[in-house]
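>>> model the following, please.
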Amino acid sequence: MLEPLDPHNEDTERKKSGLLGSLRASFLTGIVVIAPIGLTVYLLWTIMGWIDSVVLPLVPGPWRPEQYIGINLRGVGVIFFILFTIIIGWVAKGLIGRSMLRWAEGLVDQMPVVRSIYNGLKQIAETVFAQQDSSFEKACLVEYPSKGIYAIGFISTNAKGEVNRVAGGAEPLLSVFVPTTPNPTSGFLLFFKQSEVTVLDMTVEDAAKLVISAGLVYPDDLPKKEPAPLVNIPDKVARESWR
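Numbering: from 1, shown residues only. Next up, the predicted model:
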């Protein structure tokens, strides 16, 4: 014979499940809030420690604050690195600094292997830091690695010189960096015709988040804007790229 159900027990079970569900939701919300902050602090702390380990051994003992306060402060090496970089930049802009820089570069040019490494790194640094206004300013979609498969890319510049002359033909080429997931610092440099590149309205930062999250974090869908030029470059540079 079946026993009659107790309404009181059913209410108790519902309250327990509701309480557990609320605690679970609160826990997941806390993880969502804490994880980005914790990872950001951890990465900054790790980077500062790495810079300190490289810079502080080069700093004379009397200049280190831990010699006087007895505490190893994290980030002191970063401050020394910033000050040293500012001083070097200030000296390099002067007449004596430019002369010393030309002399040092002339010395490096006489070293076959070192010359190639130095010139390559110098060109990359000048492109990234001296031309920030035209580097990776637009995100795009390209069909890669085959037709019908799309990948997020970042437009860097118009292809110039021999690359554009050989492969461009009647239509200019664009240099597009296609990053890998979840590490966007590695990827492929590809050249596409302008008609094969679809410029996105999302910012470069939002596109990078999409790549890093492996498609889990999508930016808000923005209203359609008027089409803009793919890469804004001076007319003089554009004419020279066709030669």
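
>>> now do whichever strand or helix holds residue 87: distance to the chain's middle.
Using DSSP states H and E, residue 87 falls within helix 76-92. Averaged C-alpha coordinates place helix 76-92 at 23 Å from its chain's average position (C-alpha atoms, centre = their mean, to the nearest Å).

>>> which other helices and strands contact the lengthiest helix in the chain?
Looking across the chain with DSSP state H, the single longest helix is helix 7-55. Here helix 7-55 touches helix 76-92, going by 3 or more C-beta pairs under 8 Å, 6 or more residues apart in numbering; DSSP states H and E. Bear in mind the C-beta positions are built from the backbone N, C-alpha and C, glycine included.

>>> circling back to that earlier point, hmm, who's touching the helix holding residue 87?
Applying C-beta atoms under 8 Å, 6 or more residues apart in numbering, the contact partners of helix 76-92 are 48, 51-56, 59, 63-66, 97-98, 101.

>>> pull that helix out as CSV, backbone CA atoms only.
Output of helix 76-92 as CSV, limited to C-alpha atoms (Å, rounded to 0.1, in the frame of the first residue of the first chain):
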residue,chain,number,x,y,z
VAL,A,76,62.1,48.2,-8.8
GLY,A,77,63.8,46.7,-11.8
VAL,A,78,60.9,47.9,-14.0
ILE,A,79,61.4,51.5,-12.7
PHE,A,80,65.2,51.3,-13.4
PHE,A,81,64.4,49.9,-16.9
ILE,A,82,62.0,52.7,-17.7
LEU,A,83,64.4,55.4,-16.5
PHE,A,84,67.3,53.8,-18.4
THR,A,85,65.3,53.6,-21.6
ILE,A,86,64.2,57.3,-21.3
ILE,A,87,67.8,58.4,-20.8
ILE,A,88,69.0,56.4,-23.7
GLY,A,89,66.3,57.8,-25.9
TRP,A,90,67.1,61.4,-24.8
VAL,A,91,70.8,60.8,-25.5
ALA,A,92,70.1,59.2,-28.9
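
>>> after that helix, heading C-terminal, what element do we hit next?
Following helix 76-92 toward the C-terminus (DSSP H and E): helix 95-108.
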